[in-house]
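Enquirer: Dropping the sequence and predicted coords here.
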Amino acid sequence: MQKFDLLATFRFQPIIKLVLFCTTMLTTTVQSETPNPAQSMAEFCKDLPRPEYAKLNRLKHDDDWFELYLVAPGVTAIYEPHQWQEVISYLIEGEKKALLFDTGNGLGNIAAVVKKITDKPISVLNSHTHYDHVGGNYAFDNVFGMDTDFARQRQSGHANRDIAIEASQEALCRPLPEGVTKNNHVGRPFKITQFIKDGFIFDLGNRKLEVIHIPGHTPDAVALIDRDAGLMWTGDSYYSGPIWLFAPETDLEAYAESLARLIKEVPNLKALLPAHNTPWVSPEVLRRVKRGFHTMLTGGAKLISKGEGMVEYKIPGEKQFSFLMRDEKLPYKKLK
Ligand SMILES: [Zn+2]
């Protein structure tokens, strides 16, 4: 596909909002039940900071677009709390090298931030190549990508018309970094310098990270696992909040299979490190996600219309996550 446009919508749950995208050919804005964007902005900003951050080890630094949290030895969560995506990228350091897992929206200068954290050579891998996770890729010479057509296509970046909304007033709780405006914000093209497959191991020096291909949210979605430390980075395949499964490139059958694969790792994990909202989540939630997904597909979830063809499925008794879907017939028979 030549052109990637944006489907934007607001995430509403008690303390949640976000925006997402997809690859429709026309730019479409989908709004939730709150019709006034100014009100939406007030909603999202007033619920920050999220309480989960109070117990994390925040690092001081001199860039006020990002907040840094040392969540485990050698693992820095790079959080963008002032923008409605609330993206979290991670710098993971071994003794010899570092891996930057996602590079954010491209609004702030993530390359400058990570180069102040470490002198080690930094490579980049994206949890998937949706625009909110590849924004800083252009600034790095070593970019790994999953060997998929989807990742290849995404190297071309995004035009301003597709992602201007990400730099708009309704998306922000504070002014943009200097020099960035709604009118000049673009998703800059980048080059994947090495294509990899499921099972690839990053050896950072006394720290090994294995790539687990978990297609579903996108064809190129991955989890990253540090088995010795008991940490698993889940990208957008799991984060606390409404999990977005509505993009045209989302494959629900693949998502269910990928969840099953991730759940096998749960007994050996201490924490999940997702790509939005909060950076340290108890792994047990993955079992509930799998059950909740089944509940949704078999008609047991509460369906809340968001308008414009979108619905949120809430699982009875579940407060930590929900599913945001297109309002169309679910493939009950295809999925088990
Ligand atoms: Zn995302």
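Expert: Cool, the structure landed.
Enquirer: what residues are up against the nearest residue to I196 once chain neighbours are set aside?
Expert: Excluding the flanking residues, the one nearest I196 by Cβ to Cβ, 6 or more residues apart in numbering is F144, at 5.4 Å. Quick note: C-beta positions are derived from backbone N, CA and C, even for glycine. Applying Cβ atoms under 8 Å, 6 or more residues apart in numbering, we find F144 in contact with 123-125, 192-196, 200.
Enquirer: So what pairs up with F144 in the strands?
Expert: Counting by DSSP bridges, F144 forms beta bridges with L125, Q194.
Enquirer: ok so, going back, could you flag which of the contacts of F144 are buried?
Expert: 123-125, 192, 196, 200 (16 or more other Cβ atoms under 10 Å).
Enquirer: out of those residues, who's nearest the ion?
Expert: The nearest member of the buried ones among the contacts of F144 to the ion, counting by Cβ to the ion, is L125 at 14.7 Å.
Enquirer: which parts of the stretch 151-300 of the chain sit against the ion?
Expert: With Cβ under 5 Å from the ion as the criterion, the stretch 151-300 of the chain meets the ion at residues D236.
Enquirer: and the gap between whichever residue of the stretch 151-300 of the chain sits closest to the ion and P215?
Expert: Relative to the ion, the nearest point of the stretch 151-300 of the chain is D236 (4.3 Å; Cβ to the ion). For D236, the distance to P215 (Cβ to Cβ, to the nearest Å) stands at 12 Å.
Enquirer: any shared contact partners between the two?
Expert: Residues touching both D236 and P215 by Cβ under 8 Å, 6+ apart: A221.
Enquirer: Now the phi/psi pair for the residue in the stretch 1-150 of the chain that the ion sits nearest to, please.
Expert: Nearest residue of the stretch 1-150 of the chain to the ion (Cβ to the ion) works out as D132 at 4.7 Å. The phi and psi values for D132, taken as degrees, to the nearest 10, are phi -80, psi 0.
Enquirer: what do you get for A139?
Expert: When read as degrees, to the nearest 10, the backbone of A139 gives phi -90, psi 0.
Enquirer: How about Q153?
Expert: In terms of degrees, to the nearest 10, the main-chain angles of Q153 are phi -70, psi -30.
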